[in-house]
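In: fold the stuff below for me.
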Amino acid sequence: MVQRLYGCEWDDEDDTTDGYHQLGYDGEDFLVLDLKNLRWIAPTPQAFITKLRWDQNRAQLEHSKNYYNKECVDWLKKYLDYGKSTLQRTERPEVSLLQRRPSSPVVCHATGFYPDRVVVFWRRDGEELYEHVDHGEVLPNPDGTFQVSVDLDLASVPREDWRRYECVVQVKGIEDILTPLDPARVRTNWGKTGPGGDGGVKNDITTPIIIAVLILAAVAAAGVAGVFVYKKRSGSHSSSGNSEEQSPAPEAQPLTT
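Out: Numbers count the residues shown, from 1 in each chain. Below is the predicted model:
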């Protein structure tokens, strides 16, 4: 089995180009083109004879150099221009600070960005943090954009020092998005009193208890009403003169001799 991989690269920022041409045999590297020095590299001894023969073909090497540095790059730029609306599309992310409980890590969540090449990190006093930081994977959204989360464990950090921290989101083509760690901006699902408050937790527990009590009260009231209706109907049967609604006949007694 022979495999061939070739192509070119173009950096739109500094206009540098590069090309590559590799050959494989039975799943292993066989020959690699050194475009800078115009020679072939043989990773295995079996390819050395072919390398020597191809190195002597200077015309072919010069043609490869022109193709990868010029012709291939021109086609690459054309394809980029044709698919500009998709290939150069950029979407600015929305950044939120989230926390499940007061003891949970603070999550910097960026969503809605495109393309998926994004860098998200935490820093303190302008220095990037590496400890107590957990980087999540970039995940797709249903609309074709992407999302990612980076957790920061602040268990040993006093609340008054939170403002020294900030989340940084970097997307190519968009200026850096800086989100300071302001306790008032942290969104939680453990109450509306803000980080550190207990009122939210109590409210979350009290609400279902109140609903349960109301349901039990309604069931009990329905039971009492049912008993009252049953007794009323039973009494009306015993006093009614209507032959169609007489009380049930008494049970039969055993005969005696």
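In: can you give me the strands for the chain?
Out: Secondary structure of the chain (DSSP state E): strands located at 2-10, 17-25, 28-34, 39-41, 94-99, 106-113, 118-124, 127-128, 133-135, 139-140, 146-152, 165-171, 174-180, 186-188.
In: adding mean pLDDT, write the ones you listed out as CSV.
Out: Shown next, in CSV, are the strands of the chain (pLDDT from 0 to 100):
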stretch, mean pLDDT
strand 2-10, 94
strand 17-25, 94
strand 28-34, 95
strand 39-41, 96
strand 94-99, 96
strand 106-113, 96
strand 118-124, 95
strand 127-128, 94
strand 133-135, 95
strand 139-140, 96
strand 146-152, 97
strand 165-171, 95
strand 174-180, 93
strand 186-188, 90
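In: let me have those in CSV, extended by mean neighbour count and distance to Glu71.
Out: C-beta coordinates here come from the backbone N, C-alpha and C atoms, glycine included. Supplementary listing: these in CSV, determined by neighbours: other Cβ atoms under 10 Å; distance: least, Cβ to Cβ, whole Å:
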stretch, mean neighbour count, distance to Glu71
strand 2-10, 13, 9
strand 17-25, 16, 10
strand 28-34, 17, 15
strand 39-41, 16, 20
strand 94-99, 18, 42
strand 106-113, 21, 35
strand 118-124, 17, 33
strand 127-128, 8, 42
strand 133-135, 13, 40
strand 139-140, 10, 35
strand 146-152, 20, 34
strand 165-171, 20, 32
strand 174-180, 13, 33
strand 186-188, 16, 53
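In: now the ones you listed as JSON lines including distance to Val73?
Out: Below are those laid out as JSON lines (distance: least, Cβ to Cβ, whole Å):
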{"stretch": "strand 2-10", "distance to Val73": "5"}
{"stretch": "strand 17-25", "distance to Val73": "5"}
{"stretch": "strand 28-34", "distance to Val73": "16"}
{"stretch": "strand 39-41", "distance to Val73": "21"}
{"stretch": "strand 94-99", "distance to Val73": "36"}
{"stretch": "strand 106-113", "distance to Val73": "28"}
{"stretch": "strand 118-124", "distance to Val73": "27"}
{"stretch": "strand 127-128", "distance to Val73": "35"}
{"stretch": "strand 133-135", "distance to Val73": "34"}
{"stretch": "strand 139-140", "distance to Val73": "31"}
{"stretch": "strand 146-152", "distance to Val73": "29"}
{"stretch": "strand 165-171", "distance to Val73": "26"}
{"stretch": "strand 174-180", "distance to Val73": "26"}
{"stretch": "strand 186-188", "distance to Val73": "47"}
